[in-house]
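Asks: the sequence and its predicted three-dimensional model are supplied below.
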Amino acid sequence: MDFFKVIITSILSAVTLFVIAKIMGHKQMSQLDFFDYITGITIGSIAAELATELENPWKPLVAMVVYGVITVILTLVTSKLPKARKFINGSPTIIMNNGKIYRKNMKKAKLDLSEFMVMCRQEGHFNLDDIQTAIFEYNGRLTILPKSHKRPANPEDLNLSPNPEYIGTEVIMDGRILEENLKRMGLDHIWLEKQIKEQGFKKVKEIFLATCDENKQLTLFKAN
């Protein structure tokens, strides 16, 4: 009997966790701020408890819902009130600027010199002389502005005007035509089959992935 209760409560835990995650949004799955980090761990722990709580499963369920509601409320508050956002999430801290490292700011950010060096290397900067400004963000990431002569050249620096690029839309995946995407692009099967044959394919099943951009340029990837 307990075996089936564990199965039922586990399913209930997974469903509840999924619903709360959908309500809270994708922010929990990206770089977390301090409160999101705490909430994520707490809700996960409560979900695990719910999966094995056989006597009173409603208790951890209510706790999960409460934490989810609190998170949603705080998200709304921080989006409307800048001061509250600064208090809850914290604020960015300048660690280095114009060749000067601010020891007090590093101490404030709970960041030591070795950690700072590691984070610089992770961002691709092995020489501190290449850095103009380094900012420790509230989500724990280091944002770096390289010195002007160390920044990658862009087309504007070279007086070039390249044509705009567009994100490709998938029209074939795993050998199947995505009808909705094809229609949204204003295309049909006749056009698609013609393009496939011109690129040396006979059947749609031979294609693992096909993407099409705004210029009607079709890119095909063969299925292995």
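Replies: It's in. What you see is a predicted model; the values in this text were computed from it and never measured.
Asks: in this structure, which helix or strand is least confident?
Replies: helix 2-24 (a mean of 61; mean pLDDT, DSSP states H and E).
Asks: pLDDT below threshold where in the chain?
Replies: 1-39, 41, 50-54, 82, 85-86, 88-89, 224 (pLDDT under 70).
Asks: where do the strands sit along it?
Replies: For the chain, the strands defined by DSSP state E occupy 93-97, 100-101, 131-136, 142-146, 169-173, 176-177, 207-212, 218-222.
Asks: nearest to residue 45, out of those?
Replies: Nearest to residue 45 among the strands of the chain is strand 131-136; the distance by C-beta to C-beta comes to 28.3 Å. Glycine gets a C-beta too; all of them are placed from N, C-alpha and C.
Asks: gap between the two ends of stretch 112-130?
Replies: One end of stretch 112-130 sits 20 Å from the other (C-alpha to C-alpha, to the nearest Å).
Asks: what comes up buried for it?
Replies: In terms of neighbour count (16 or more other C-beta atoms under 10 Å), stretch 112-130 has its buried residues at 116, 119, 120, 125.
Asks: make a markdown table out of the strands of the chain and add mean neighbour count.
Replies: What follows is the strands of the chain, written out as a markdown table (neighbours: other C-beta atoms under 10 Å):
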| stretch | mean neighbour count |
| --- | --- |
| strand 93-97 | 19 |
| strand 100-101 | 12 |
| strand 131-136 | 19 |
| strand 142-146 | 16 |
| strand 169-173 | 19 |
| strand 176-177 | 13 |
| strand 207-212 | 20 |
| strand 218-222 | 15 |
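Asks: which of the ones you listed sits closest to residue 108?
Replies: Per C-beta to C-beta, nearest to residue 108 of the strands of the chain: strand 93-97, 6.1 Å.
Asks: which neighbouring elements make contact with the closest one?
Replies: helix 103-108, strand 131-136 (3 or more C-beta pairs under 8 Å, 6 or more residues apart in numbering; DSSP states H and E).
Asks: hmm, residue 175 is touching residue 201, no?
Replies: No - applying C-beta atoms under 8 Å as the test, residue 175 and residue 201 come out as separate, 10.7 Å apart.
Asks: between these two, who's got more neighbours?
Replies: residue 201 (17 against 14; other C-beta atoms under 10 Å).
Asks: please name the residues that touch that one.
Replies: 207, 220, 222 (C-beta atoms under 8 Å, 6 or more residues apart in numbering).
Asks: where do the contact lists of residue 175 and residue 201 overlap?
Replies: residue 207.
Asks: for residue 57, see how far away residue 46 is.
Replies: 11 Å (C-beta to C-beta, to the nearest Å).
Asks: could you chop the protein up by domain?
Replies: The chain breaks down by automatic domain parsing into domains covering 2-86, 93-150, 169-222.
Asks: report the distance from the second one to the chain centre.
Replies: The reference is to domain 93-150. Chain-centre distance of domain 93-150: 23 Å, with C-alpha atoms, centre = their mean, to the nearest Å.
Asks: report the separation between the two terminal residues of it.
Replies: Start-to-end, domain 93-150 (C-alpha to C-alpha) is 23 Å.
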